[in-house]
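Q: fold the following.
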Amino acid sequence: MNTSSDLASTTDDDWGPLSSLPGNPLMWVLILSEMLVFSAFFILFAWQRALDPELFNQSQLFLNPVSGGLNTLLLLSSGLFAALAVQASAINDVPHCRWWLALTMVSGLAFCAIKVLEYVEKFGAGLTPETNIFFTYYYLLTAFHLAHVVFGLCLLALITWKTSRENVETVTAFWHMVDLIWIMLYPLLYLLR
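A: Below is the predicted model of the structure:
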């Protein structure tokens, strides 16, 4: 006859190395798959850049590295706030955890506002995805990333309401992936020549 502890041990899933990571292992599957997708985009971008470096260098001059840098600071700050939320959740300090999550969301929303303003400016100057291959990649990569930021903000709002250690660890792992992608996107699009 199975006792409750026997039942728990037989129903727990073994996710291998993912089991030791914070949060839900399924989130790590999503994170790894998203990293593969972004990596494929980065490789395609680098290949296209190698085919026409002059076009990419000239097009890059139309981007504002200061707004991209400000967005980098916002996302790095949000990553710090997310880490502080995890620390607060680890000691079951729900009020402080929610405070740090709120600051994470404010930083993420500011990132979105700056990115939308940047899109409005580019479209106003006639720089659309059809302008050239650089701007096709610029809009594709940054809009795909922005969609992840918005999804992350929705998840953060959900865990601010349903705060638990596992929820906070799971969602902040996704948020850190969003940060990491931007840290690679910013120099790729705005700085490297």
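Q: please count neighbours and contacts with C-alpha atoms only from this point.
A: OK.
Q: where along the chain do the strands fall?
A: Here the chain has no strands by DSSP state E.
Q: can you give me the helices for it?
A: 4-11, 25-51, 53-60, 65-90, 94-124, 133-161, 165-186 (DSSP state H).
Q: same list, these, but as JSON lines with mean pLDDT, distance to residue 193 and mean neighbour count please.
A: Supplementary listing: the helices of the chain in JSON lines, determined by pLDDT from 0 to 100; distance: least, CA to CA, whole Å; neighbours: other CA atoms under 10 Å:
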{"stretch": "helix 4-11", "mean pLDDT": "36", "distance to residue 193": "53", "mean neighbour count": "10"}
{"stretch": "helix 25-51", "mean pLDDT": "88", "distance to residue 193": "10", "mean neighbour count": "15"}
{"stretch": "helix 53-60", "mean pLDDT": "95", "distance to residue 193": "6", "mean neighbour count": "16"}
{"stretch": "helix 65-90", "mean pLDDT": "95", "distance to residue 193": "13", "mean neighbour count": "20"}
{"stretch": "helix 94-124", "mean pLDDT": "97", "distance to residue 193": "20", "mean neighbour count": "18"}
{"stretch": "helix 133-161", "mean pLDDT": "96", "distance to residue 193": "13", "mean neighbour count": "18"}
{"stretch": "helix 165-186", "mean pLDDT": "92", "distance to residue 193": "12", "mean neighbour count": "21"}
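Q: contacting residues for residue 191?
A: By CA atoms under 8 Å, 6 or more residues apart in numbering, residue 191 lies in contact with residue 65.
Q: next: residue 186.
A: 68, 69, 72.
Q: the second one - nearest residue in space that isn't next to it in sequence?
A: Read it as residue 69. If the residues on either side of it in the chain are set aside, residue 69 comes closest to residue 186, at 7.5 Å by CA to CA, 6 or more residues apart in numbering.
Q: could I get the helices of the chain as a markdown table with distance to residue 192?
A: Below are these laid out as a markdown table (distance: least, CA to CA, whole Å):
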| stretch | distance to residue 192 |
| --- | --- |
| helix 4-11 | 50 |
| helix 25-51 | 11 |
| helix 53-60 | 9 |
| helix 65-90 | 11 |
| helix 94-124 | 19 |
| helix 133-161 | 13 |
| helix 165-186 | 9 |
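Q: run through the residues that contact the residue lying closest to residue 88 once chain neighbours are set aside.
A: Counting by CA to CA, 6+ apart, residue 88 lies nearest to residue 97, which is 4.9 Å off, once chain neighbours are set aside. Residue 97 makes contact with 84, 85, 86, 87, 88, 89, according to CA under 8 Å, 6+ apart.
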